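In: Would you be able to build a 3D model of this:
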Amino acid sequence: ARTDEFHLSPLSVVLAVALALAAASEPRRAPRVALAAVLALIALHGLERRAGQALHPPALAAIPAAAADGVRTDPADARALAGLLPYVRDYVAPGRRVLVAPPRFDRVRVGDPLLNVLLERRNPTRYDVIQPGVVTTAAAQREMARDLRSTRAVIRWDAPAATQLEPNGSARSSGAHVLDEAIARSFRPARRFGDYLVLLPR
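Out: Below you'll find the predicted structure:
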């Protein structure tokens, strides 16, 4: 798959478990020692990262939403969410839908589906996970554009994590602009809160 932090982090956990199981079941001493050495290297790397975080803790602030349950983010994002969440909840009634969109749909790196959870407003489409090669196709975008009829607001999330280019096919435009054009026709920019631009119906 893609060699980004979203895929490599869980893979590192699976790799550590697989190495431990392989070492425990290996009858020969030399391969068992080699497997244990690789496992120790992964553990040492993890401990070094945790020690660095303990010595130099990053500045974090609580996400201002009950659904976050104490999860923290960087202070600038927390301030932006403190303005965004009540603004959107006041405009979009419970039960109505909000589309959380990346900066553009022809070239996608990652989306922000947890924002729907924080807002307590559902995604109007069936595409909760924004994936390159899926929502970048014209067919998926036509389906999502039809779903805009039930959408009360669109939030463009243009944080660095969303705009960063990876050295793979996700950095190339698919050439499909159906959904971006539909959003531009039906919604207008209303308010910006940090990395979040709220678009409301025209």
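In: Would you mark the buried spots in the longest helix seen in the chain?
Out: Identified as the longest helix of the chain according to DSSP state H is helix 29-55. Residues 35-36, 39 are the ones in helix 29-55 that count as buried (16 or more other Cβ atoms under 10 Å). C-beta coordinates here come from the backbone N, C-alpha and C atoms, glycine included.
In: What of stretch 5-15?
Out: Per 16+ other Cβ under 10 Å, stretch 5-15 contains no buried residues.
In: do the same with stretch 64-81
Out: Quick answer for stretch 64-81 (16+ other Cβ under 10 Å): 64-65, 68, 73, 77-78, 80-81.
In: Now do the helix or strand bottoming out on mean pLDDT in the chain against helix 29-55, angle only.
Out: Across the helices and strands of the chain, mean confidence by mean pLDDT, DSSP states H and E is lowest for helix 5-25: a mean of 87. Per axes from the mean of the first three to the mean of the last three Cα atoms, to 10 degrees, the angle that helix 5-25 makes with helix 29-55 is 140 degrees.
In: Alpha carbons only: can I get helix 5-25 in CSV?
Out: Only the C-alpha atoms of helix 5-25 are listed here, as CSV (Å, rounded to 0.1, in the frame of the first residue of the first chain):
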residue,chain,number,x,y,z
GLU,A,5,2.4,7.3,8.5
PHE,A,6,-1.2,6.1,8.4
HIS,A,7,-0.2,2.7,6.9
LEU,A,8,3.3,2.3,8.4
SER,A,9,2.3,2.9,12.1
PRO,A,10,-0.1,-0.1,12.3
LEU,A,11,2.2,-2.2,10.1
SER,A,12,5.0,-1.7,12.7
VAL,A,13,2.8,-3.1,15.4
VAL,A,14,1.9,-6.1,13.3
LEU,A,15,5.6,-6.6,12.4
ALA,A,16,6.6,-6.6,16.0
VAL,A,17,4.0,-9.2,16.9
ALA,A,18,4.9,-11.4,13.9
LEU,A,19,8.6,-11.2,14.8
ALA,A,20,7.9,-12.2,18.4
LEU,A,21,5.7,-15.2,17.3
ALA,A,22,8.3,-16.3,14.8
ALA,A,23,11.1,-16.1,17.3
ALA,A,24,9.1,-18.0,19.9
SER,A,25,8.3,-20.8,17.5
